[in-house]
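Asks: Have a look; sequence and predicted model below, questions after that.
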Amino acid sequence: MTSSTEMSAAIFEEVKAVVMVTLDIGDQADDLGPETGLYGNFPELDSLTVVMLIVALRKRFGIDIELREIVGDVFYTLGGLAAFVESKVN
């Protein structure tokens, strides 16, 4: 059985991978951690890219994301986004 910490780490790495591909920032992979700011920190992350990121996360994790759940604090940090995805997966 997979522990919660392992699951969280795995989901974080998968969310990180989706973000890197969607924003085309693979060259910054080593600099991205849970505390990395997203919205406002990356010029690549605008409103259109947020939609693309949501679609990519829905496809990758098989989760439903409702419009009312798409709020700024979800995209504040990479760790916050991963936590949001994990809450939808569980």
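Replies: Structure received. Residues are numbered from 1 along each chain as shown.
Asks: Would you state the helices of the chain in chain order?
Replies: Assigned by DSSP state H, the helices in the chain fall at 4-23, 47-61, 78-89.
Asks: what's next to the shortest one, contact-wise?
Replies: Read that as helix 78-89. Outside of helix 78-89, the residues within contact range by Cβ atoms under 8 Å, 6 or more residues apart in numbering are 7-8, 11-12, 15-16, 19, 32-36, 38, 57, 61, 63-65, 69, 73-75. Any C-beta I mention is one placed from the backbone N, CA and C, and that applies to glycine too.
Asks: Just give me how far it sits from the chain centre.
Replies: How far helix 78-89 lies from its chain's middle: 7 Å, per Cα atoms, centre = their mean, to the nearest Å.
Asks: cool, and the second one?
Replies: Mean-position distance between helix 47-61 and its chain equals 9 Å (Cα atoms, centre = their mean).
Asks: which among the contacts of helix 78-89 end up buried?
Replies: Neighbour counting over the contacts of helix 78-89 (16 or more other Cβ atoms under 10 Å) leaves 8, 11-12, 15-16, 19, 32, 36, 38, 57, 61, 65, 74-75 as the buried ones.
Asks: got any ranges where the protein has weak pLDDT?
Replies: Where the chain drops to pLDDT under 70, the residues are 1-4, 6-7.
Asks: try 90 this time
Replies: Filtered on pLDDT under 90, the chain yields the residue ranges 1-7, 39-40, 44, 47, 66-68, 70-73, 90.
Asks: about what we covered before: between the buried ones among the contacts of helix 78-89, which sits nearest residue 47?
Replies: Distances from residue 47 to the buried ones among the contacts of helix 78-89, taken as Cβ to Cβ, are shortest for residue 75 (10.7 Å).
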